[in-house]
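Asker: only geometry, no sequence info:
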């Protein structure tokens, strides 16, 4: 029931916002819908904590410790982003970058995007997972090109084509998985595509076919995660889309895609009886991290900069999941959480920072502390957090990843350390002059909603200092589930 | 002894029928283009006229130039003897390997190109160069077409192919997509190799486009007659290879009695009539490609033939 | 030699036809003909699905075949044609260099696809399992087409061809995905084409052409 509400609320919101049109109160409806979704998600979490994993709707949907935590995170960041988006989009609107029609599209698609992500997270059917991922692409592609500038259209096109091709590969992988499963589960009904059933019989699946399927699924969903070499769309889409969209893309969509990859890895691990799937994830993760770290140096656009930072962190998470084992999985899940919170907070501040400066170019943004101290501090703290400085949560998860790697795969340590150091220097050298330094920019007409930023950062700080036992138990369960 | 006679008869039949085929194609083309058609026997008249003339040779012509018509005609005749057109029950059939056949065609081509360059005129060299380019691209395609059939029947000898194909078809209908691919590719190679329209135009002497004709410019009288005759024979040979590979119905497997032979002959004439008409239609509806587009055309043929092989390998259960 | 049943043979012919169309699309320069080829591909797909439905007694494949016929042979090509007419580019010709190289690369991809599909074909239990290699080849050729083309419209046609290949893979290897999934895929496809259509107008509005050569502002310096 709760799950149904979690899914239905954003969908209803999307329809409502689409029909209401350029209603003055659309941003508020957006916030309320997101809040309702969050409320239902919390209820869902409580229920799962109390009664354990559940299966709904003829086994088509299921909630286990792994996805319930992501559903909660998604609903939460979805809500805070909606809160942030209200004043942000108002300023954009007043600056003439938007029209009522586009605002309507924006609000409606925002909710649709949330709905498709929640569907992707909660479905038990690998085919529906694919459909939901594709729907998530379709709903965001027009958001990326919302400003209708040359650059934004180019970015959206790239996003569309690359993700379209990637997701097609994932569909082929799904078909192959179905082939492998059909032999064991039969093709009556839909059991052969249900993850729980697949998981139960994964030891009997044909290893070659599942291996092949996994390669396709990894590359396919990996495109959406932003794994190299198919990461090209990500910085463009993050830089050119409206900031709330960048925030949810980075904070949520990448996680959801990651979730899909991990679900597939669990099956591949079980079927292939070998370390190969994990090794593939590790290799791709490491490559992605290194590549992104070096690209960070040369960025001139603030949102692009943090887009690359997202790629880097996704690489770390992929690497951690690749190592496998309870500890590494725990670290990866924690990193997913803190990255999601921190990165969306950074995008919030980066969005306001570029509104203050009137440009997204890094060398045009100067002296944020002087104009708008909250934005300046937010950006500084967010940057420190994402760079893994203690005592933020990112430090804790990266530390866990590194120590696990030290013990099990010492060869990867130099590469990881180099990537982290390069990323640190790369980001810091860009952010420092933006926050400090002189400026003659004017403050914003509406006070920015920076509460989400500080709530996110506070949560990240808390996770770095103190992990609530309920959360830790929850992570452990999920980590155990992933294996 | 009788077998040898049969062999000889088959070769002579090809030599006799080849000009008729050329005349038939020309006639069909004329009809399709709303022109009044030349007589079916026009090629024979041309030959007679040419044989009655005195040969003129360029001063610089080497012996190579002079022997080339005989070599080319000889190779084509040999090829005609090898290819099973009416019956497979002839002594040479056992050596009728398709690889050897491709080699024979290549020999003729090399001689023609060398002779064309022998005089040293610009057109001859140009024609030779273009001919070698077409040949260079068409040969692999032709080989791939042949391999297609051979993969199916397990032999590179045409008589065996015909034998197996005929034996096979009695089992019932068998659709072979790979043969369809090969068939289309073969037609493309045939068009290119015989100087037909998308690649060359046998009726033009426009220097920008001509290939085959450019090589014959220096020949006259009996030499020219032999060269023309050889090129008609080549078309006839290609048609017979096509029948053997893709439409072997009616070819007599045993030549002990007369009736299967007669039936085979009748069917051959029928098939040639249809093939000639189809060729004329293709030539009428398609436009000549610019010379530098010829590689594209032939790589397409190669591609189709290889696809045929791949499809065969994949779909074989 | 083992004689496969007549239906299987027909299926093989259809599969070979799909492959042939993929190559034709790779080499086709005219946009209008490209759309016609796409429709033909859809028609072959629908026919093969119907054939599988009949031979394997799979009731849901009848719907699937009907869906394919409606969507891929009629609706999508119609939408595309209309779009092209409204944008005034139906008769446009896309310059393509080096078709021969493209074809050879395509050939290599086909060999690769066949090799890759071998273990899966061996495992699949359907009557059409041999066609899986062809399906994968169609998919890879569509990829090649997307990479080789520089016009927005042809890239979209490439994506649709890709989807056709995926669909064929699903029918040939597994008798089709469950109906829910298939409907979802069809819906995504339809919405996708609409979004593409909207995009064409945006691109043209901003760049005055649908040529992606103009897409050069977002590059790593």
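Answerer: Ah, there it is. Predicted model, so just to flag it, every value in this text is computed and none were measured.
Asker: tell me the pLDDT at residue A:417?
Answerer: Model confidence at residue A:417, given as pLDDT, is 92.
Asker: Doesn't it belong to a strand?
Answerer: No - assessed with DSSP: H, G, I helix; E, B strand; the rest coil, residue A:417 is helix; it does not lie in a strand.
Asker: Not counting sequence-adjacent ones, nearest residue to residue 27?
Answerer: Reading this off chain A. residue A:86 (4.2 Å; CB to CB, 6 or more residues apart in numbering or on different chains). Glycine gets a C-beta too; all of them are placed from N, C-alpha and C.
Asker: should've been chain C
Answerer: In space, residue C:27 is closest to residue C:99, 5.1 Å off (CB to CB, 6+ apart).
Asker: how close does that neighbour sit to chain A?
Answerer: 22 Å (CB to the nearest CB, to the nearest Å).
Asker: residues touching that residue, list them.
Answerer: Neighbouring residues of residue C:99 by CB atoms under 8 Å, 6 or more residues apart in numbering or on different chains: B:296, B:299, C:26-27.
Asker: okay, now the closest residue to chain B within chain C: neighbour count?
Answerer: Residue of chain C nearest chain B, by CB to the nearest CB: residue C:16 (3.4 Å). By the criterion of other CB atoms under 10 Å in any protein chain shown, residue C:16 has 26 neighbours.
Asker: What's the per-residue pLDDT of residue B:175 here?
Answerer: For residue B:175, pLDDT reads 66.
Asker: now the one 5 residues further on
Answerer: The predicted local distance difference test score for residue B:180 is 82.
Asker: Residue B:164 versus the residue nearest to it when sequence neighbours are not counted, what's the distance?
Answerer: Residue nearest to residue B:180 in three dimensions, not counting chain neighbours: residue C:16, with 7.1 Å by CB to CB, 6+ apart. Between residue C:16 and residue B:164 the computed distance is 21 Å (CB to CB, to the nearest Å).
Asker: same check, this time on residue A:126
Answerer: Distance from residue A:126 to residue B:164, counting by CB to CB: 47 Å.
Asker: How many neighbouring residues does residue C:202 have?
Answerer: 17.
Asker: Which residue, other than its chain neighbours, is closest to it?
Answerer: Residue C:202's closest residue in space is residue A:153 (CB to CB, 6+ apart), at 5.3 Å.
Asker: follow-up on the earlier one: what's near enough to touch the residue nearest to residue A:27?
Answerer: With CB under 8 Å, 6+ apart, residue A:86 has these contacts: A:27-28, A:30-31, A:449.
Asker: Please repeat the previous calculation with a cut-off of 7 Å.
Answerer: By CB atoms under 7 Å, 6 or more residues apart in numbering or on different chains, the contact list for residue A:86 reads A:27, A:31, A:449.
Asker: which SSE is it in?
Answerer: For residue A:86, the element it lies in under DSSP states H and E is helix A:65-94.
Asker: now whichever helix or strand comes after that helix: mean pLDDT?
Answerer: The first helix or strand that comes after helix A:65-94 along the chain, using DSSP H and E, is helix A:100-122. Averaged over helix A:100-122, pLDDT sits at 91.
Asker: Which residues of chain C lie near chain B?
Answerer: C:2-4, C:6, C:9-10, C:12-13, C:16, C:19, C:23, C:99-100, C:103, C:107, C:110-111, C:114, C:130, C:133-134 (CB under 7 Å from any CB of the partner chain).
Asker: From residue B:114, how far out is the spatially closest residue to residue B:200 that is not a sequence neighbour?
Answerer: Leaving out its chain neighbours, the residue that sits closest to residue B:200 by CB to CB, 6+ apart is residue B:211, at 4.3 Å. Distance, residue B:211 to residue B:114, using CB to CB: 16 Å.
Asker: More neighbours: these two, which one.
Answerer: Shown here are residue B:211 and residue B:114; by other CB under 10 Å, residue B:211 has more neighbours (23 against 14).
Asker: Do I have it right that the more buried one meets residue B:131?
Answerer: Yes - counting by CB atoms under 7 Å, residue B:211 touches residue B:131, with 5.5 Å between them.
Asker: Just the pLDDT at residue C:128, thanks.
Answerer: Confidence score, pLDDT, at residue C:128: 67.
Asker: what about the helices in chain C?
Answerer: C:6-27, C:31-56, C:59-68, C:76-87, C:99-123, C:132-148, C:152-174, C:179-207 (DSSP state H).
Asker: Switch the ones you listed over to TSV; also include distance to residue A:481 and mean pLDDT.
Answerer: Output for these, formatted as TSV (distance: least, CB to CB, whole Å; pLDDT from 0 to 100):
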stretch	distance to residue A:481	mean pLDDT
helix C:6-27	41	85
helix C:31-56	37	89
helix C:59-68	33	85
helix C:76-87	41	85
helix C:99-123	28	84
helix C:132-148	33	89
helix C:152-174	28	86
helix C:179-207	24	80
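Asker: Compare these and give me the one nearest residue B:221.
Answerer: helix C:99-123 (41.1 Å; CB to CB).
Asker: Quickly note the distance from residue A:2 to residue A:51.
Answerer: 11 Å.
Asker: residue ranges with poor pLDDT in chain A?
Answerer: A:21-23, A:187-190 (pLDDT under 70).
Asker: Up against chain C, what does it have?
Answerer: A:125, A:127-128, A:131, A:134-135, A:138, A:141-142, A:145, A:148, A:150-151, A:153-155, A:157, A:161, A:164-165, A:168, A:171-172, A:175-176, A:178-179, A:182-183, A:187, A:190, A:193, A:206, A:208-209, A:212, A:236, A:295, A:298.
Asker: Just the buried residues out of those, in PyMOL syntax.
Answerer: Only the buried entries of the residues of chain A next to chain C go into this PyMOL selection, using 16 or more other CB atoms under 10 Å in any protein chain shown:
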select buried, chain A and resi 125+127+128+131+134+135+138+141+142+145+150+151+153+154+155+157+161+164+165+168+171+172+175+176+178+179+182+183+187+190+193+206+208+209+212+236+295
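Asker: Tell me which entries of the residues of chain A next to chain C lie within helices.
Answerer: Counting by DSSP H, the residues of chain A next to chain C contribute A:127-128, A:131, A:134-135, A:138, A:141-142, A:150-151, A:153-155, A:157, A:161, A:164-165, A:168, A:171-172, A:175-176, A:178-179, A:182-183, A:208-209, A:212, A:236, A:295 to helices.
Asker: What's the local residue count around residue 200?
Answerer: You didn't pick a chain, so chain A it is. 14.
Asker: Please refer instead to chain C.
Answerer: Quick note: residue C:200 (other CB under 10 Å) scores 19 neighbours.
Asker: list the contacts for it?
Answerer: Counting by CB under 7 Å, 6+ apart, residue C:200 has contacts C:83, C:87, C:152, C:210.
Asker: Then residue B:112?
Answerer: Residue B:112 neighbours (CB under 7 Å, 6+ apart): B:68, B:72, B:131, B:215.
Asker: what does residue A:142 give?
Answerer: Neighbours of residue A:142 in contact, by CB under 7 Å, 6+ apart: A:105, A:109, C:195, C:198.
Asker: Find me the pLDDT at the residue of the stretch 201-317 of chain B found nearest chain A, would you?
Answerer: Ranked by CB to the nearest CB, the top residue of the stretch 201-317 of chain B for proximity to chain A is residue B:314, at 16.6 Å. With respect to pLDDT, residue B:314 scores 76.
Asker: Count the neighbours of residue 144 for me.
Answerer: All of this is about chain A. Neighbours around residue A:144, by other CB under 10 Å: 27.
Asker: I was after chain C.
Answerer: Neighbours around residue C:144, by other CB under 10 Å: 19.
Asker: Quick check: the gap between the residue nearest to residue B:200 and residue B:79.
Answerer: From residue B:211 to residue B:79 the distance is 21 Å (CB to CB).
Asker: Equivalent analysis for residue A:36, please.
Answerer: 84 Å.
Asker: Residue C:180 now?
Answerer: For residue C:180 relative to residue B:79 (CB to CB), the value is 62 Å.
Asker: likewise residue B:144?
Answerer: When residue B:144 is compared with residue B:79 (using CB to CB), they lie 19 Å apart.
Asker: on that earlier part again, now the contacts of residue C:200 in a markdown table, with distance to residue A:314?
Answerer: Shown next, in a markdown table, are these (distance: CB to CB, whole Å):
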| residue | distance to residue A:314 |
| --- | --- |
| C:83 | 36 |
| C:87 | 37 |
| C:152 | 29 |
| C:210 | 33 |
